[in-house]
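# Fold the following, please.
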Amino acid sequence: MTTINIARQDGTPRETAHTVREDTSSRGVDLDGAQVTVVYTDGTSETLTWQALDPYTTGGATGENINMFFGFSWHELSATKPIASLEIDLAPANSVFDTTFAMDDDPAGGSTPTSKNGFPFKLAPEYEDLAGTITATYSDIVNFEDSAAVGDLYTTMTIDFTGLEGGGFVGDLQWNSDIDTLTGPYKDSTPPPCFVAGTLIATDLGLLPVETLEIGALVATRDHGLQPLRWIGRSRRRALGRDAPVVFAANALGRHQRIALSPNHRVLIASERAELLFGQSEVLVKAKDLVNDGTIRVQADGAEITYVHLLFDRHEILTGNGLDSESYHPGLQTRASFDAATEDEVLRLFGDQGDYGPTARMVLKSHEIGLVLPA
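I've put the predicted structure just below:
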């Protein structure tokens, strides 16, 4: 019989001002937008986006070597290539894994209000004879606004198959883990687009470390020449989880030096395929969507880092360590990453997103990136 190990990692909470919806039983259609990362035993990987397959019940995700499907009973997995691990992030679908049986009225606590009862990862009975161990690790704990995280709700589950006989899983499998859907989205605590301190920015005085720039400094932009800085923001974080920077090795994307950026910082990509598909030869892509575990990696080493945000009269393309990327664009989602005082300061300068203006280039969604990058 298969041994199932369950682990929980708290980390930085994902906070929401919403609660679990009254009908807590989530179906496959409710998971639309969830991100699935598959790592194979040969070291290759795929990132998939879960999609609703009908208006009411079913959903799934399909990759080159994997197919996933869920309606309202068991999750179905079919793999044609041995899988080492499977990570499912429900945050984009405004959903959670409810990992405990405790009810709201449990006198011992352990259940977030409105979450009712749940259960962690389990195999369907006909698949319980796999030889070895499967470990399901829950991370990105969830808390409701103005209350601490209890320890039952998480947005991310990683299923580790390397403890099975053969060091991975291939074939068909049915499993389940209780999932609830919220009445609304999470707050975005991920650092907004920004440079890591130490990045050299092209200015009228030459290359200067980003953290030494001051309001009014003239910075070289790709489209509008030298432009004065209107606002500078700074935040300190630990390089863990969603706060960890993405590091580009020297010349990972053309000719540039090594550079570290926040995960949501968008990089300028020139591509003939983008011209063909989207009518624009240059597009913006989030750093985290370019990670290849080779020349572009997440640096989750726990070190303290300083992120620096540069804001101009309009969204600009800048040069940092020789790589073209964006300035800060104060949209509604990125402003929510700041504390209230900082958000108010940005609002006083530029108002809402509509007042600030469009992005300097078309922004690609994660599922579109593979269409424009060379094979």
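# For the rest of this, base every contact and every neighbour count on C-alpha atoms.
Noted.
# Next one: the residue lying farthest from the centre of the chain from Asp324, what distance?
In the chain, counting by C-alpha atoms, centre = their mean, Leu205 sits farthest out from the average C-alpha position, at 36.0 Å. Going from Leu205 to Asp324 by C-alpha to C-alpha, to the nearest Å gives 18 Å.
# contacting residues for Glu326?
Pro193, His265, Arg266, Val267, Leu268, Leu284, His315, Glu316, Ile317, Leu318, Ala360 (C-alpha atoms under 8 Å, 6 or more residues apart in numbering).
# How about Arg222?
So Arg222 contacts Glu316, Ile317, Leu318, Thr319 (C-alpha under 8 Å, 6+ apart).
# and the nearest residue to the first one once chain neighbours are set aside, what pLDDT?
Put plainly, it is Glu316. Once flanking residues are discounted, Glu316 sits nearest to Ser327: 5.4 Å by C-alpha to C-alpha, 6 or more residues apart in numbering. If you check Ser327, the pLDDT there is 93.
# Phi and psi next, for the residue farthest from the centre of the chain.
Backbone torsions for Leu205, taken as degrees, to the nearest 10, come to phi -100, psi 10.
# Contacts only, for it.
So Leu205 contacts nothing (C-alpha under 8 Å, 6+ apart).
# Okay, it and Asn321: tell me how far apart.
15 Å.
# One more: Asp54?
Taking C-alpha to C-alpha, one finds Asp54 at 47 Å from Asn321.
# pretty sure Glu64 is in a strand, no?
No. Counting by DSSP: H, G, I helix; E, B strand; the rest coil, Glu64 falls outside a strand, being coil.
# Report the secondary structure element holding the closest residue in space to it that isn't next to it in sequence.
Of all residues not flanking Glu64 in the chain, Glu46 sits nearest, at 7.9 Å (C-alpha to C-alpha, 6+ apart). Taking DSSP states H and E as the criterion, Glu46 maps to strand 45-49.
# Please work out the average pLDDT along that strand.
Strand 45-49 comes out at a mean pLDDT of 86.
# elements contacting the longest strand along the chain?
Identified as the longest strand of the chain according to DSSP state E is strand 75-89. Other helices and strands packing on strand 75-89, by 3 or more C-alpha pairs under 8 Å, 6 or more residues apart in numbering; DSSP states H and E, are strand 35-40, strand 66-70, strand 153-160, strand 169-176.
# nearest to His18, of these?
Ranking the helices and strands packed on strand 75-89 by proximity to His18 (C-alpha to C-alpha) places strand 153-160 first, at 13.3 Å.
# which other residues reach that closest one?
Outside strand 153-160, the residues touching it (C-alpha under 8 Å, 6+ apart) are 84-91, 95-99, 112, 134-143.
# between it and strand 75-89, what angle do the directions make?
110 degrees (axes from the mean of the first three to the mean of the last three C-alpha atoms, to 10 degrees).
# All further residue positions should be reported with the first residue as 26.
OK, 26 is where the count begins now, so the last one is strand 178-185.
# pull the CA atoms of strand 178-185 into PDB?
Output of strand 178-185 as PDB, limited to C-alpha atoms (Å, rounded to 0.1, in the frame of the first residue of the first chain):
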ATOM      1  CA  LEU A 178      -5.900  26.800   4.100                       C
ATOM      2  CA  TYR A 179      -3.100  26.900   1.500                       C
ATOM      3  CA  THR A 180      -3.000  28.000  -2.200                       C
ATOM      4  CA  THR A 181      -0.200  25.700  -3.300                       C
ATOM      5  CA  MET A 182       0.200  21.900  -3.200                       C
ATOM      6  CA  THR A 183       3.300  20.100  -4.500                       C
ATOM      7  CA  ILE A 184       3.000  16.300  -5.000                       C
ATOM      8  CA  ASP A 185       6.400  14.600  -4.900                       C
END
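# Could you quantify the relative orientation of that strand and strand 194-201 as an angle?
150 degrees.
# What strands flank strand 178-185, and is each parallel or antiparallel?
Here strand 178-185 is paired, per DSSP bridges, with strand 100-114 (antiparallel), strand 120-123 (antiparallel), strand 158-169 (antiparallel).
# Select, out of those strands, the one closest to Thr41.
Smallest distance to Thr41 across the strands paired with strand 178-185 (C-alpha to C-alpha): 5.1 Å, for strand 158-169.
# ok now that closest one, how far from the chain's centre?
Centroid separation for strand 158-169 versus its chain: 15 Å, with C-alpha atoms, centre = their mean, to the nearest Å.
# what's in contact with it?
Applying C-alpha under 8 Å, 6+ apart, the contact partners of strand 158-169 are 27-44, 121, 146, 174-189.
# All the helices of the protein, residue numbers only.
Ranges of helices in the chain, per DSSP state H, are 297-303, 357-360, 365-375, 378-381.
# Quick check: mean pLDDT of the third one?
What that stands for is helix 365-375. So the average pLDDT for helix 365-375 ends up being 50.
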